[in-house]
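Student: Pasting the sequence and the predicted coordinates here, then a few questions.
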Amino acid sequence: MTQQTREKQETQETVEAPQPAAPTAPGCPPAPAPGLAQGWCALSALHGRIESHIERALQTGHDLSVREFSVLNVLSEQHDGPGGHLRMHQVADSVVLSQSATTRLVTRLEDRGLLSRYLCPDDRRGIYTNVTPDGLALLVEARPTHDGALREALQDAAQRPELAPLVTAVETLAPPE
């Protein structure tokens, strides 16, 4: 297909494309009336905006990704009592990653000295992961950045009519400070 033919086809598609009846979240198809799909698209858009904002703040200030912060945070809440330690598949579920992606992420954090792994004393097939003192220090340092970026992203999203109800819902889920 020649460049001229492609341009002509793109022009025709642009002219023939139906125009949305109302503003929609980026990447979401327009719907004739608000519905479940539009709600899901708005929720997805809110999540993406928040995650991107937090990612930039954590990378700039602490050389951490959102996922790395999440893993450190989840693992920092472990305790020595019954059920107090998480296996890798539980960590993966907690941070919404595949087991293999979580293992790679944990390995990177371990290489940086932020996590350590050891065999489960009760089941030698199981591996536990602990946050090291350096990992805890970085988490404590990064938490205000994370929380501030989250607040900023929510305030920004609240200005968008399609996202404002979701921001309200998120804010009402938070326990009072």
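Tutor: Cool, got the structure. Residues are numbered from 1 along each chain as shown.
Student: from here on, contacts and neighbour counts on C-alpha atoms
Tutor: OK.
Student: Check which helix or strand Leu97 maps to.
Tutor: Leu97 belongs to no helix or strand when assigned by DSSP states H and E.
Student: and the gap between it and Val106?
Tutor: Distance, Leu97 to Val106, by CA to CA, to the nearest Å: 12 Å.
Student: Specify which residues of the protein, grouped into ranges, have pLDDT under the cut-off.
Tutor: Flagging of the chain using pLDDT under 70 yields the residue ranges 1-26, 29-34, 177.
Student: Could you tell me the end-to-end distance of stretch 123-135?
Tutor: Taking CA to CA, the first and last residues of stretch 123-135 lie 26 Å apart.
Student: For that stretch, buried residues please.
Tutor: Ile127, Tyr128, Thr129, Asn130, Val131, Thr132, Gly135 (16 or more other CA atoms under 10 Å).
Student: how about the CA coordinates for stretch 52-71, as CSV?
Tutor: The C-alpha atoms that make up stretch 52-71 are tabulated as CSV, following Å, rounded to 0.1, in the frame of the first residue of the first chain:
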residue,chain,number,x,y,z
SER,A,52,1.5,7.2,36.5
HIS,A,53,1.6,10.1,38.9
ILE,A,54,2.9,8.0,41.8
GLU,A,55,5.4,6.2,39.6
ARG,A,56,7.0,9.5,38.5
ALA,A,57,7.2,10.8,42.0
LEU,A,58,8.7,7.5,43.4
GLN,A,59,11.2,7.2,40.6
THR,A,60,12.4,10.8,40.9
GLY,A,61,12.6,10.8,44.6
HIS,A,62,13.6,7.3,45.6
ASP,A,63,14.5,5.2,42.5
LEU,A,64,11.5,3.0,43.2
SER,A,65,8.7,1.9,41.0
VAL,A,66,5.1,1.6,42.2
ARG,A,67,5.3,-2.2,42.1
GLU,A,68,8.6,-2.1,44.1
PHE,A,69,7.0,0.2,46.7
SER,A,70,4.0,-2.1,46.8
VAL,A,71,6.1,-5.2,47.4
